[in-house]
Every structure is written in structure tokens, then in C-alpha cells.
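What would the 3D arrangement of this be:
(chains A and B)
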Amino acid sequence: MSIAVLTPTGTLGYGYGEEALKRGLTLGPQVIAVDAGSTDPGPYYLGAASALVSRISTKRELRDLIGAGREARIPVIVGSAAGAGSRWHVDWTVDIVREVARELGVRFRLAWIYADIPVERARDAVAAGDVRDFEAAAELAPETVDNCTALVAQMGHEPFIEALENGADVIIAGRACDESTVAAFPIAKGGDKALAIHMGKILECGAFSAEPFAMDVMVGTLNDDHFLLEPGSAERRASATSVAAHSLYERENPFRQYGPGYALDLSGCSFEQTGERRVRVSGSTFEPTEDYWVKLEGVEVCGYRTICIAGVRCPTMTSRIDGLLEDVRAHTLEYFASNDLHITYHVYGRDGVMGGWEPQASIRSHELGLVIDVVADEQELARAACHHASGRLLHMSYDGQYNTSGNLAFPYSPSEIDAGPAYRWSVYHLMRAESPTELFPICYEDV
Amino acid sequence: MAVEGRSLKDLAVIIRSKNAGPFRVTFDVLFRDRETYRRVCDTGALSRGSVAEAYGVPLASVSSLYEVDMCNAIKLTLVRDVVQGDIGDSDLYGAQQHVPLMDLPIPWSDHAD
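From the prediction side, this is the model:
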């Protein structure tokens, strides 16, 4: 038994090489699977019902992939649609798929899978003791559930398998475990679960596990007791090092990795170079967990943001910047006297990138890049406070000042830019599910 | 026999940081070969304590540290002091937090015993 999976890229819409896709398709994949989302880009996309990648790029790639899938008569599977995988994200993507189908003149069975968790369901689960902390370091309070703007759960491979068994040729899934999007087809065909899931974890990042690494095509082939990895592009190769190193990526524990319904053990894995460009992986094992737990992801509004970007060039200001910024913050907070006003400074050239972790104590730059970042419970207050702060900083006098005409260099008019609602992750907990599919309804349409 | 110092960046081929979920940042230090990896491990210079000091955080903020033989790598994870995307976050992907590790001093001697 040998099942080949082609992953075009690490995130749908981020690109791949045409040569790589062409060549990858000649390796005879039986499915095209691609991950479209992550929490990495932050809580905004889930909260605001906004797509991570543009419609232009998403449609362009779906056109390529669905076209290739129809021609080879193999399924195309997308997980964590449009970045965050809520109902809005799935529907947005399904819309594009219908458009692509019309334009290509192709017909197929389309399935889409939702991953939204109704607030009542989550509340009941909390009350029943069926929710536990994952990494938020706090138990989930019922009020937090109520305040969610959006709440999803990561599905495992089982809903994808159900859709495949019902004849789906194209599957657009909401929030899903990255590896499940890739592992579902091989598991449906009888592949070893541990190897399929491990292969999914590496493959879902596309050619990030190759040398040189890139957002590009990767092909994984699952066999009875091992899997093989090979990049689509002839200009890349998989090495035992690059593939093993990818088992470390974006996770805390390199040996034991949990997912819905299982624990994956990689401690006995081996990575061997077979041929110049291909790697063989074996030894991954799988233990089912007693209950089926899914990871919940939820966000709440933390306010409305307005920012101001400005440069500081004068050394007399740079050398006093800490005190000047604190003066402006204190004055602005007092002026507006609101409990829901937060003023944050990002000072590039001091500690803009590392914040509290920055070890470099002194400023060595000739200039600073300053972002005044104001979040308040209403957009109007955020804008007012931001403008007040930037105005005060622009015109303030201080000892040692040479330039009495203005302290800041603004690149734009208006100097204040409304960034809209700001969100934060409020739910990152595990919830017990009664079955792997009960939370994830599937819809079908013959397009 | 003189023991010289090296920076970790002189010994490692990859030093990277990235979010591991919204609450943690994970760091991977990969070495060219088993020998260099084992020698660095044996110095004990890359430890929870030295990392906590390099980042100016309490020891409890170092969530874990693993020696990963299968990758010739050391992996460690810090608890973020600001949750990803929350007010005050400075690095959404957590991808630019690796520099203190690059500069970490490692006792190293090129002289054979």
C-alpha cells in the first residue's frame, strides 16, 4: 500500500512554484491537501471575520489546485479555511470554489465542514467539567465564553474521512488540526495512523522541511511501515536533517504531541536519507486517548485601536525618550480619565522588537521609529487619545532641546490611523467531545 | 590548558524562535553534527538558568528545555509575558526573539586534552 499526498504550500495563498507543482503532480499523488490557517497571524482574523489571505491569491491558487485535481481525478482538501476557519471563513472560501468551478467548467461534489462551537455548548461543557486548560494558565470561566466574538474547535481527521466516504471531490473545512487536513486521506485508505499524522505534521508546512526551505510543493508517500518525503521542485531536496528539524517546528515538546483523540510519540523515530532528494521516516507511534478532546480557540474584543507612526532623529530627544514618553502617557491618561484606555509605545531602535526581553540596555541608533498604540473601549476615544499624545509629544519642550519647531517626523497625513477592533485570545482550552464528528457538521453540493 | 569562550552562534547552524501557540515562544538550536551538539550539552552552558538570565525572566518562565538527539538540537520554550496579539505584544509570530541565544557564551576549548 502506497499513498502519495501533494501539499502545494505551507498556507493556501502564500504561493508555490509552477515548475514545482507540475513536477510534483508527475509523482502520482492521490490527493492534494493544503492547510489554509493558523493562530500565528493573531486573533484578528477570527474576531473580525476576515480572511488572512486576499481573495485574489486564494482564488488564483484554488483555480490551479482544483484544476489539477479534476484533471488527475483526485480530491482537493483545504483545512482551516481563510485563516481562522469559522463559518464566515468557510462560506467565503466555498463561494470562491463555486466561482472557480464555473470558470473552469468543471463539475464535482463539494463538501464543506464547519467548526464553530455554539456558546451554549461551550457553557454547558464548562458547567459539566468537560473543559480543561491547555496553556492559558487559567480555567475557563462561563463569562469568558459569553464574551466570545467567535469560538471554533480544531477538528481531527474523522470529519474529512466522512466527507471522503460520501464522495467529496473538494473539501473545504473550517478550523482543523494542521496535520489532520493532510493525514485524513491516507488514513481513510487504511494507512497507519501514527505515520499518517506524523507525515501530516511535516507535510502541512509544504517545502519548509526541504533545503533550501520555501513556501513550495512537498510530496509525502505513506507506505506500510514508513513514509517518504520529497519536494516537488527539482531545485530543492529533503535531507534527514531538514526533515528531522521540522519535527521541532512551532511546538514545545519534540517527542510527544497531542491531537484530538490521540498522543503521538516520536521518540523512537528515525530519519534516513534515501537517494539524493528523499527522506524516509519511520518509528512514529500512536496512542488513542480515553476521551476525545478538541482544542477550542476563542477571541474577545479588547477595544478599538488607533496608531500613530513617527520618527525621532534628534539625539537630544533620543537620550531622553523614556521620560518624555512616560510624561505624555501620564498626561493623556489623566486628561481622558477613562478606565478603558491603554497607551502602549513601540520604540524601534530601543526595544520595539523584543519589549521586556530586550537585553540591550542602551540606545545606539541615530534615529528611533515610534509607534503610539492606543486601545480604548470606543474608536473615537482611541483616536482622540492618540492624537492628543502625538500632539503633546510633537510640541513638548525639554532641557537640552535645540529644535523648538517639532520633535517628531510623521510620514503620513492623517498622522493617526484607525486600526479598528482589537481582539485577544480568550479561549484556548480543551473540551471533551462525544464523538470525533458530532461538533463538525458537513454540507454537500454537486457543483 | 586555556578554556576559551565561544558564542552559541559560532557553534550552531540554526538558532530560531517561533510561537508554539499564543502563550509560548519556542526556540530551536540546531548543531552541524552530533559531536558539537553533545559537547555543547555537556558544558551545561545552555540551561534553564542561563536562558532565564539572558532574557531577564524568572526561572518559572522557562517552560521546558529538551535535548533532542534525533535532530542534534536543543529546544527550549518560554512563556510569553504578553499573550500573542494582546495589547503590548511586540512580535506577533514570535519569530525575532532569538538573538540573546546567539550571543550566549559557551565555554569552549580547541586544545585537545
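
Do I have it right that B:S47 meets B:E67?
No - contact criterion Cβ atoms under 8 Å: B:S47 and B:E67 do not qualify, at 10.9 Å. Using the backbone N, CA and C atoms, a C-beta is placed for each residue, glycine as well.

How about the contacts made by the residue of the stretch 1-150 of chain A found nearest chain B?
Closest to chain B within the stretch 1-150 of chain A is A:G42: 3.7 Å, counting by Cβ to the nearest Cβ. A:G42 makes contacts with A:423, B:84-85, B:92, as judged by Cβ atoms under 8 Å, 6 or more residues apart in numbering or on different chains.

can you map out the helices along the stretch 301-447 of chain A?
With DSSP state H, counting those that start in this stretch as the definition, the stretch 301-447 of chain A shows helices at residue ranges A:315-318, A:321-336, A:379-395.

do stretch A:216-235 and chain B meet?
No - Stretch A:216-235 stays clear of chain B (Cβ under 8 Å from any Cβ of the partner chain), getting no nearer than 15.0 Å.

about what we covered before: any residues in contact with both of B:S47 and B:E67?
By Cβ under 8 Å, 6+ apart, B:S47 and B:E67 have no common neighbours.

send the alpha carbons of the helix or strand harbouring A:E143 over as PDB?
For A:E143, the host element (DSSP states H and E) is helix A:142-146. C-alpha atoms of helix A:142-146 as PDB (Å, rounded to 0.1, in the frame of the first residue of the first chain):
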ATOM      1  CA  PRO A 142     -18.600  30.900  31.800                       C
ATOM      2  CA  GLU A 143     -18.500  34.700  31.400                       C
ATOM      3  CA  THR A 144     -15.500  34.400  29.100                       C
ATOM      4  CA  VAL A 145     -17.400  32.100  26.900                       C
ATOM      5  CA  ASP A 146     -20.300  34.600  26.800                       C
END
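
what about that helix, distance to the chain center?
With Cα atoms, centre = their mean, to the nearest Å as the basis, helix A:142-146 stands 24 Å off its chain's centre.

Residues contacting the following helix or strand past that helix, please?
Under the assignment DSSP H and E, the closest C-terminal helix or strand after helix A:142-146 is strand A:150-153. With Cβ under 8 Å, 6+ apart as the test, strand A:150-153 has contacts from A:46-47, A:49, A:84-86, A:115-119, A:122, A:145, A:174-175, A:294-299, A:427, A:431, A:433, A:439-440.

which strands and helices sit next to the lengthiest helix in chain B?
When chain B is parsed with DSSP state H, its longest helix is helix B:34-43. With contacts defined as 3 or more Cβ pairs under 8 Å, 6 or more residues apart in numbering or on different chains; DSSP states H and E, helix B:34-43 has these neighbours: helix B:8-11, strand B:73-79, strand B:105-108.

Pick the most buried one from these.
Using mean count of other Cβ atoms under 10 Å in any protein chain shown, the stretch among the helices and strands packed on helix B:34-43 with the largest mean neighbour count is strand B:73-79, at a mean of 22.

Only alpha carbons, please: show that one as PDB.
Taking C-alpha atoms only, strand B:73-79 is exported to PDB below (Å, rounded to 0.1, in the frame of the first residue of the first chain):
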ATOM      1  CA  ALA B  73      19.300  20.100  18.700                       C
ATOM      2  CA  ILE B  74      18.400  21.800  21.900                       C
ATOM      3  CA  LYS B  75      14.800  23.000  22.200                       C
ATOM      4  CA  LEU B  76      13.600  25.400  24.900                       C
ATOM      5  CA  THR B  77      10.300  27.200  25.400                       C
ATOM      6  CA  LEU B  78       9.500  30.400  27.200                       C
ATOM      7  CA  VAL B  79       6.100  31.500  28.500                       C
END
